[in-house]
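**Q** A predicted structure for the sequence below; I have some questions about it.
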Amino acid sequence: MKKIHVILIVLVVVVITIAACALPPAIMGVEVVVINGHFLTDQIINTGGWIDKYYADGSYEVLGHDWDDTNEEWVQSYGARGTYEYNSDTHTMTRTATERWEWRDGDGWITLSTYYTEEEPEVTAWSLVDSYNQYFTTNGSYTVYNLNTDGTWEFVYLSVLTETSGGVEQTDSFKTSQKYTIDGDEIRYFQENSGKDFEDIDMVVDYRREWAGDLNRLAPDGIEWKKGKTVTFWYTETLDRGQYWNDGADALGDWEDWTYINIHNKTFTHMGDFMLEVSEDSEKSLK
């Protein structure tokens, strides 16, 4: 009899937990199953320019494509292979690369081990790791913006190359932070890219982008921006500007203004302590 009570209590807890969690709209599918940091089934995300492949055995492959120098042929321009670990609680993807595409010109795929052995034998240890937040469902993959204490929603991507030579460890890093602020009257976006070379001590900001718009309406009509809701924000652009790195001045240049009075829209799903960007979701393909 005691076993029955225990089972009932567990079932009640499970039901309460599920009810408390926000779920994405049905059209997005359901969250994929993750076991010990790996997807139960292969996940292949194809955005046209990028193809991300995460396999059930814990390996991954990322392929980037662009037009060639003649602008006539669509060719591979980037590639990375290695192992991944996905934390389904925090929706954090961490990838450790073991092989890169054309890290050495003209070589195609080359392992990091081969590169360092042949090109930089003085380097005795190395690692290339990147991480970001992504939400994987049976119908696609969506960028995760976590809710900060100041009310902004933030996505962060970080890539770190670490080398050890002569017992000294150095890092080469790249980071991008993308934030949204959404209130009753306005939507605002701010992006900041920063990086450091091996010889640098601190990260240096080398790019900024900012845009904003006055909200016209939310769709569907009458919907509220709150947990569990998918909302399309229609807005009239009031600001669009950017800053680029000036090599001559060795500093960020002046703001460049690109503001036009255009009407745009963005769609997000409110998941409670994070939101998903739905309007720029990727197409999922098993081809």
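**A** Received it, and whenever you're ready, just let me know what you need. Please read all numbers here as calculations on a predicted model, not as lab measurements.

**Q** Direction included, what does the helix or strand hosting residue 66 pair up with?
**A** Here residue 66 is covered by strand 59-67, with elements defined by DSSP states H and E. According to DSSP bridges, strand 59-67 has the following sheet partners: strand 50-54 (antiparallel), strand 74-87 (antiparallel).

**Q** Please identify the most buried of the ones you listed.
**A** Of these, the one with the most neighbours on average (mean count of other Cβ atoms under 10 Å) is strand 50-54, at a mean of 19. (Glycine included, C-beta is placed from N, CA and C.)

**Q** all strands for the stretch 101-250 of the chain, in order.
**A** Taking DSSP state E, counting those that start in this stretch as the test, the strands found in the stretch 101-250 of the chain are 109-111, 123-137, 140-147, 153-165, 168-182, 186-196, 204-219, 230-246.

**Q** and the third one, what does it pack onto?
**A** Spelled out, it's strand 140-147. When contacts are defined as 3 or more Cβ pairs under 8 Å, 6 or more residues apart in numbering; DSSP states H and E, strand 140-147 packs onto strand 43-46, strand 123-137, strand 153-165, strand 168-182, strand 274-277, strand 283-284.

**Q** Flag every buried residue along it.
**A** 140-146 (16 or more other Cβ atoms under 10 Å).

**Q** and which of those is nearest to residue 180?
**A** Comparing the buried residues of strand 140-147 against residue 180 with Cβ to Cβ places residue 145 closest, at 6.1 Å.

**Q** rewinding a little: kindly reformat the strands paired with strand 59-67 as CSV containing distance to residue 270.
**A** Below are those laid out as CSV (distance: least, Cβ to Cβ, whole Å):
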stretch, distance to residue 270
strand 50-54, 25
strand 74-87, 21
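
**Q** Could you say which one of these comes nearest to residue 135?
**A** strand 74-87 (10.5 Å).

**Q** Give me the distance between the closest one and the centre of its chain.
**A** 13 Å (Cα atoms, centre = their mean, to the nearest Å).

**Q** contacts for it?
**A** Strand 74-87 has contacts (Cβ atoms under 8 Å, 6 or more residues apart in numbering) with 34, 37-39, 54, 58-68, 92-102, 109, 128, 136.

**Q** returning to that earlier point: kindly compare burial across the strands of the stretch 101-250 of the chain and name the winner.
**A** For the strands of the stretch 101-250 of the chain, the largest average neighbour count (mean count of other Cβ under 10 Å) is found in strand 140-147, namely a mean of 20.

**Q** Measure how that one sits relative to strand 50-54, angle-wise.
**A** 90 degrees (axes from the mean of the first three to the mean of the last three Cα atoms, to 10 degrees).

**Q** Same list (the strands of the stretch 101-250 of the chain) but as JSON lines, adding mean pLDDT and distance to residue 274.
**A** Output for the strands of the stretch 101-250 of the chain, formatted as JSON lines (pLDDT from 0 to 100; distance: least, Cβ to Cβ, whole Å):
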{"stretch": "strand 109-111", "mean pLDDT": "95", "distance to residue 274": "35"}
{"stretch": "strand 123-137", "mean pLDDT": "97", "distance to residue 274": "8"}
{"stretch": "strand 140-147", "mean pLDDT": "95", "distance to residue 274": "5"}
{"stretch": "strand 153-165", "mean pLDDT": "97", "distance to residue 274": "7"}
{"stretch": "strand 168-182", "mean pLDDT": "97", "distance to residue 274": "11"}
{"stretch": "strand 186-196", "mean pLDDT": "97", "distance to residue 274": "17"}
{"stretch": "strand 204-219", "mean pLDDT": "96", "distance to residue 274": "19"}
{"stretch": "strand 230-246", "mean pLDDT": "95", "distance to residue 274": "14"}
